[in-house]
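Peer 1: For reference, the sequence and a predicted model appear below.
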Amino acid sequence: MSTTHETTDTLTDDLLRFLGSYYRDDVAQLAQHYPQERRSLEISYRDLFQFDADIAHDYLDNPEQVGEYLNEALRQFDLPADVDLSNARVRVGDLPDEHVRSPDGASRNRLIGEATGVEGQITKATQPKPRCVKAAWECQRCGTPNHVPQQGQTFEEPYECEGCERQGPWRLLESQSEWIDHQMMRIQEPPEESGTGQGSTIDIHIEGDLINAAEPGDRVTAAGHLETDEIDAGDALDVDTTLETESVTCEGTSLDDIDIEDHRSEIEAIAAGERGDPFELWIDSIKPSHYGDEHIKEAITLQLFEGWARGDRRGSSHILLMGDPGCDKSGFLEYVDELAPRSAYASGKGTTTAGLTAGVENDDFGDQEWALSAGAMVLADQGVACIDELDKIDDECVSSLHGALESQKVRVQKIINAELSCRTSLLAAGNPKHGRFDQYQPVGEQIDIPPTLMSRFDLMFMVSDQPDRERDKEIMQHKTTASRAAAKKELGKELSEAEQQSITPRIDPEVMRAYVAYAKQEVTPYIREDSPAEQLLHEKFLQIRFANEDADDAPVPITWRKQEAIERLAEASARVRLSDEVSKADVERALRLVKQSMRQVGMDPETDQFDADVIETGQSKTQRDRIKNLKGIITELEGEHAAGAPIEDVKERADAIGMSEQKVEQEIQKLKDKGDAYEAKADHLRLV
């Protein structure tokens with residue numbers, strides 16, 4: 001302690017004056033709501049420093065000791081006679097910036113016992129539960145209650161009875177003991193800062209009215225002091241540290257941490273077209289080492305900017321990249337994970353629901369109970385979640401992810417009931433069902449993702465590795481140029497203009513992040529009434545929707561989900577221009593991307609018509625009708641043959657209504673694979 005304050009009474013008097021000068025109204029509010037609604041008074045370290053720098057410095061060095069003096073000052077505060085704050089406490093938050101660290105910096109030995117702040121993201125939290133702070137023990141010999149303050153993880157009994165001076169036996173009087181709620185949480189370095197998604201962590205202990213101050217997924221700054229685990233003789237010398245928390249502040253979005261002002265003039269110049277078409281600049285800046293696929297880069301650009309979310313209308317767009325191995329789908333995900341101001345990365349293969357959305361796991365805080373754990377979709381709230389190998393996720397994950405994409409909430413109803421926000425754009429990648437796309441098979445049949453999940457994607461693009469002599473020559477040249485450029489850059493050699501362009505984005509990544517932050521914070525675009533943008537959207541969308549109206553029993557080409565997707569993408573396009581008004585060109589851009597996506601996935605290859613059912617149900621209307629007709633034929637023949645429908649007869653009758661033998665064989669195999677039909681006898685079918 002500083003020698004400035006010679007006695008406890010002097011220090012307490014000083015702190016009484018401090019509370020009276022800075023927090024008189026706050027103390028009155030505490031007294032009014034104590035103890036049911038509030039049990040503590042939170043003060044700012046900066047106020048304490050302004051009042052007396054020596055006391056403030058003493059607090060940083062000895063937070064527990066100075067904290068007790070603050071509590072004593074609160075107890076002595078002049079209050080109405082019927083108000084007793086004897087068990088209230090003072091919490092100190094808003095520590096100086098140099099004392100706020102990442103989880104990695106907060107775990108060092110020199111900080112043990114000192115006041116420190118930790119900033120990061122909550123990834124796991126236990127359920128609140130009561131902890132005894134003062135136990136009342138009844139002596140079983142004389143009945144005298146003995147009150148013993150409790151510390152550590154196990155109950156401490158009295159040494160001897162205050163009444164008969166014997167050493168028990170004892171009975172805990174639960175109703176006469178003092179209890180406080182407490183909770184454990186884990187803070188982790190945010191995934192976009194750690195680079196690996198597995199950043200350093202530190203556990204924090206919170207109690208009293210700090211309970212539920214944050215939930216998994218929240219970005220927070222927690223202030224308190226570091227303590228080591230309870231140590232007994234013979235324990236290992238290595239110990240873990242926990243932050244005994246005095247304050248928890250939920251921060252704004254990660255966009256708030258980006259310094260926009262340093263880049264504002266450059267951002268506005270790009271948006272105004274002073275460096276050329278801003279969309280071309282962005283397309284060229286998305287993974288410049290990847291040659292081609294400009295439509296994917298354009299879609300990712302719009303995904304980063306998002307539409308304007310308001311009310312129950314989401315602004316985030318979801319994109320699915322499906323394709324052959326070696327087409328660099330994962331490379332796009334990794335690039336976006338590094339570029340986005342807020343992001344998280346996960347792989348569907350072997351990942352649990354807790355890893356993708358959120359779940360309940362056995363905690364590892366030491367008490368072997370249950371904890372709520374946040375997955376990638378929650379950790380990337382208000383950013384982009386990048387999930388690779390989406391086709392490998394299990395059924396439980398599919399169900400959880402489906403709800404997260406649609407409602408932007410993750411609901412956990414297993415042991416712990418919770419609802420977490422995931423206002424997240426999803427960029428996902430996967431492989432075809434059989435490893436590579438077969439150009440002779442409908443694309444929809446080759447995607448091993450449930451239709452209920454596929455229908456939630458605004459855009460889906462197929463990345464196929466089909467040899468093309470001229471295009472492959474261009475790709476080869478670009479790859480070798482990029483490889484040489486990376487080598488020369490590593491060696492400090494001068495790069496040619498072509499080499500520079502092959503690895504360097506035309507917009508600096510720091511400017512790109514600031515650009516996205518600026519647009520999402522400041523620009524609120526929407527389609528104006530009776531504007532050219534609205535007229536074009538109505539005309540073109542209805543044109544697609546009624547494209548098949550002259551055909552009998554034609555498929556529905558497009559659903560209303562796509563109308564919402566077009567609006568989101570058009571608003572994102574306006575944000576690239578930093579415009580609050582969606583223009584006709586923005587709608588045209590969105591329509592072009594949606595139609596390009598539909599041509600790849602949402603089209604019936606047999607009729608060459610748009611068919612929403614390819615995505616919504618996993619089958620085109622043509623396929624569905626063919627299966628219906630085939631089942632009808634099998635049913636008729638089952639009634640004519642005791643052993644079941646002869647397969648050769650099925651083929652003959654199907655041929656009479658225009659079904660080829662190859663299609664019949666394919667559909668029969670699908671019925672058998674799904675368990676809808678079986679061979680009761682060789683070459684004879686029965687429906688289930």
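Peer 2: Right, received. Where do you want to start?
Peer 1: how close does the residue sitting furthest away from the middle of the chain get to Glu539?
Peer 2: With distances taken from the mean C-alpha point of the chain and given as C-alpha atoms, centre = their mean, the most distant residue is Cys164, at 60.2 Å. Counting by C-beta to C-beta, to the nearest Å, the separation of Cys164 from Glu539 is 94 Å. In this view, the C-beta of every residue, glycine as well, is placed from N, C-alpha and C.
Peer 1: Quickly list what the closest residue to Ile112 other than its chain neighbours is bridged to.
Peer 2: With C-beta to C-beta, 6 or more residues apart in numbering as the criterion, Ile112 has its nearest non-adjacent residue at 5.0 Å, and that residue is Leu226. With DSSP bridges applied, the residues forming beta bridges to Leu226 are Ile112, Leu243.
Peer 1: Do you know the pLDDT at Leu226?
Peer 2: What the model reports for Leu226 is a pLDDT of 86.
Peer 1: tell me the secondary structure for Ala418?
Peer 2: Secondary structure for Ala418, judged by DSSP: H, G, I helix; E, B strand; the rest coil, is strand.
Peer 1: Quick check: it touching Ala358?
Peer 2: Yes. In this structure, Ala418 is within contact of Ala358 by C-beta atoms under 8 Å, at 7.4 Å.
Peer 1: more crowded one of those two?
Peer 2: In this view Ala418 and Ala358 are compared by other C-beta atoms under 10 Å, and Ala358 has more residues nearby, 29 against 16.
Peer 1: Checking the residue farthest from the centre of the chain next. Helix, strand or coil?
Peer 2: Reduced to three states with three-state DSSP, the structure at Cys164 is coil.
Peer 1: if I look at it, how far off is Leu173?
Peer 2: When C-beta to C-beta is applied, the distance between Cys164 and Leu173 equals 17 Å.
Peer 1: which residues touch the residue nearest to Ile112?
Peer 2: 106-107, 111-114, 116, 241-244 (C-beta atoms under 8 Å, 6 or more residues apart in numbering).
Peer 1: where does the stretch 251-400 of the chain have low pLDDT?
Peer 2: Residues of the stretch 251-400 of the chain that meet the criterion pLDDT under 70 lie in 252-256, 364, 366-368.
Peer 1: hmm, 80 instead?
Peer 2: Filtered on pLDDT under 80, the stretch 251-400 of the chain yields the residue ranges 251-258, 291, 324-327, 348-354, 362-369, 395-396.
Peer 1: before we move on, what about the stretch 1-150 of the chain?
Peer 2: Using pLDDT under 80 as the threshold, the predicted model of the stretch 1-150 of the chain has low-confidence ranges 1-9, 80-83, 105-111.
Peer 1: mind listing the strands in it by residue range?
Peer 2: Counting by DSSP state E, counting those that start in this stretch, residue ranges of the strands within the stretch 1-150 of the chain are 40-44, 89-93, 100-101, 115-126, 129-139, 145-149.
Peer 1: Direction included, what does the last one pair against?
Peer 2: Sheet pairing for strand 145-149, assigned by DSSP bridges, gives strand 129-139 (antiparallel).
Peer 1: which residues sit against the strand it pairs with?
Peer 2: Applying C-beta under 8 Å, 6+ apart, the set of residues contacting strand 129-139 from outside is 144-150, 155-158, 161, 163-164, 166, 168, 170-173, 176-183, 207, 369.
Peer 1: Which members of these are positioned in helices?
Peer 2: With helices identified by DSSP state H, none of the entries of the contacts of strand 129-139 belong to them.
Peer 1: Just the buried ones from those?
Peer 2: With neighbours counted by 16 or more other C-beta atoms under 10 Å, the contacts of strand 129-139 contain buried members at 145-146, 148, 150, 158, 161, 170, 177, 181-183, 207.
Peer 1: Disregarding residues adjacent in the polypeptide, which is nearest to Gly292?
Peer 2: Spatial nearest neighbour of Gly292, excluding adjacent residues (C-beta to C-beta, 6+ apart): Ile475 at 6.8 Å.
Peer 1: part of a helix, is the one you found?
Peer 2: Yes. With three-state DSSP as the criterion, Ile475 is assigned to a helix.
Peer 1: Can you give me the distance of it to Arg469?
Peer 2: To Arg469, Ile475 is 11 Å away according to C-beta to C-beta.
Peer 1: quick one, which of the two is more surrounded?
Peer 2: In this comparison of Ile475 against Arg469, neighbours counted by other C-beta under 10 Å, the higher total goes to Ile475 at 14 against 6.
Peer 1: Cross-check the contact I'm expecting between that one and Asp293.
Peer 2: No. At 10.4 Å, Ile475 and Asp293 do not qualify as touching, with contact defined as C-beta under 8 Å.
Peer 1: Just the C-alpha atoms of stretch 176-185, please, in PDB.
Peer 2: As requested, the backbone C-alpha atoms of stretch 176-185 are provided in PDB (Å, rounded to 0.1, in the frame of the first residue of the first chain):
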ATOM      1  CA  GLN A 176     -29.600 -19.500   8.200                       C
ATOM      2  CA  SER A 177     -26.500 -19.600   5.900                       C
ATOM      3  CA  GLU A 178     -25.600 -16.800   3.500                       C
ATOM      4  CA  TRP A 179     -25.500 -17.700  -0.200                       C
ATOM      5  CA  ILE A 180     -24.600 -16.000  -3.400                       C
ATOM      6  CA  ASP A 181     -25.100 -17.000  -7.100                       C
ATOM      7  CA  HIS A 182     -21.900 -17.600  -9.100                       C
ATOM      8  CA  GLN A 183     -21.000 -18.700 -12.600                       C
ATOM      9  CA  MET A 184     -17.900 -19.600 -14.600                       C
ATOM     10  CA  MET A 185     -17.200 -18.300 -18.100                       C
END
